[in-house]
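K.L.:
Fold the stuff below for me.
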Amino acid sequence: MQALRNYIDRYASSTISDADFAVVMAAFTPRKLRRRQYLLQAGEVCKYKAFVLKGALRQYSVDDKGVEHILNFAVENWWMSDRESFVMLTPSRYNIDALEDCELLLITNAQTQDLILTVPAFAAMIREMDQRHSIATQKRLYASLGHSAEERYEEFTREHPDYLQRFPQHMIASYLGISPETLSRVRHKVLHKP
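P.N.:
Okay, the predicted model is just below:
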């Protein structure tokens, strides 16, 4: 629980009071997932946003040919949900499952909105998260439209160097929108740059 408190303090740019943090913690539900267990399956409504205390999750879709397309990874001190389904209460097109055994803190949209209205530090954290998410989404879209596979891989390794050891290469390729074979060629080229 201290991880969530540290996260709020960091992104709210202020220290949350003990009383306010007690209100925040009352809104969250702890949950454990085993590796390969689903938090969300395509077609369901995303009822929870998850804060990751331990472990790793991925958000992905599967196309008509059975190919997985990974949209997001989440590790310790990251959030995971299908934002569209969570906010609009519509069926999700994504699956979210555990890549490792996970310990999560779950919160509903209604509870999130209540905390935004009653806990200023939580509201500030949500605003900061939304801004960062918008920027990250814009950067990722720009990279997918305008960068080569090599440039996307190099940016990925700068932004998330720990992911290279944590996730299988075929998942990293899916996240980057390239085939595993292309990723292998790109990695070889990057490793042997003068």
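
K.L.:
Report the distance from the lengthiest helix in the chain to the chain centre.
P.N.:
Using DSSP state H to define each element, the chain has its longest helix at helix 120-146. Distance of helix 120-146 from its chain centroid, counting by Cα atoms, centre = their mean, to the nearest Å, is 11 Å.

K.L.:
So which elements touch that helix?
P.N.:
The contact analysis (3 or more Cβ pairs under 8 Å, 6 or more residues apart in numbering; DSSP states H and E) places helix 120-146 against helix 2-12, helix 18-27, helix 109-118, helix 149-159. Glycine gets a C-beta too; all of them are placed from N, C-alpha and C.

K.L.:
what sits against the closest residue to F28 other than its chain neighbours?
P.N.:
Distance criterion Cβ to Cβ, 6 or more residues apart in numbering; nearest residue to F28, sequence neighbours excluded, is L105 at 4.2 Å. By Cβ atoms under 8 Å, 6 or more residues apart in numbering, the contact list for L105 reads M1, L4, F28, T29, P30, R31, A50, F51, L53.

K.L.:
ok, so of the residues you listed, who is nearest F167?
P.N.:
The closest of the contacts of L105 to F167 turns out to be A50 (Cβ to Cβ; 17.9 Å).

K.L.:
What strand or helix carries that closest one?
P.N.:
A50 is part of strand 49-54 when elements are defined by DSSP states H and E.

K.L.:
Next, the distance between the ends of stretch 88-95.
P.N.:
Length of stretch 88-95, first residue to last, Cα to Cα, to the nearest Å: 17 Å.

K.L.:
Now that stretch: buried residues?
P.N.:
S92, Y94, N95 (16 or more other Cβ atoms under 10 Å).

K.L.:
I figured Q37 hits I96, correct?
P.N.:
No - using Cβ atoms under 8 Å, Q37 makes no contact with I96, being 10.2 Å away.

K.L.:
related to what we said a few turns ago, could you give the angle of the one helix or strand the residue nearest to F28 maps to to helix 18-27?
P.N.:
Assigned by DSSP H and E, L105 falls within strand 102-107. Counting by axes from the mean of the first three to the mean of the last three Cα atoms, to 10 degrees, strand 102-107 lies at 100 degrees to helix 18-27.

K.L.:
From the chain's centroid, how far away is strand 102-107?
P.N.:
12 Å.

K.L.:
again with stretch 119-126
P.N.:
Remark: stretch 119-126 is offset 19 Å from the chain centroid, using Cα atoms, centre = their mean.

K.L.:
what domains does the record give for the chain?
P.N.:
Following the assignment in automatic domain parsing, the chain carries domains at 2-132, 147-194.

K.L.:
Quick check: phi and psi on L71?
P.N.:
The phi/psi pair for L71 (degrees, to the nearest 10) reads phi -90, psi -40.

K.L.:
ok so, going back, need the helices and strands packed on helix 120-146 in TSV with mean neighbour count, distance to P168 and mean pLDDT, can you?
P.N.:
Below are the helices and strands packed on helix 120-146 laid out as TSV (neighbours: other Cβ atoms under 10 Å; distance: least, Cβ to Cβ, whole Å; pLDDT from 0 to 100):
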stretch	mean neighbour count	distance to P168	mean pLDDT
helix 2-12	16	26	94
helix 18-27	14	35	97
helix 109-118	15	32	97
helix 149-159	15	14	91
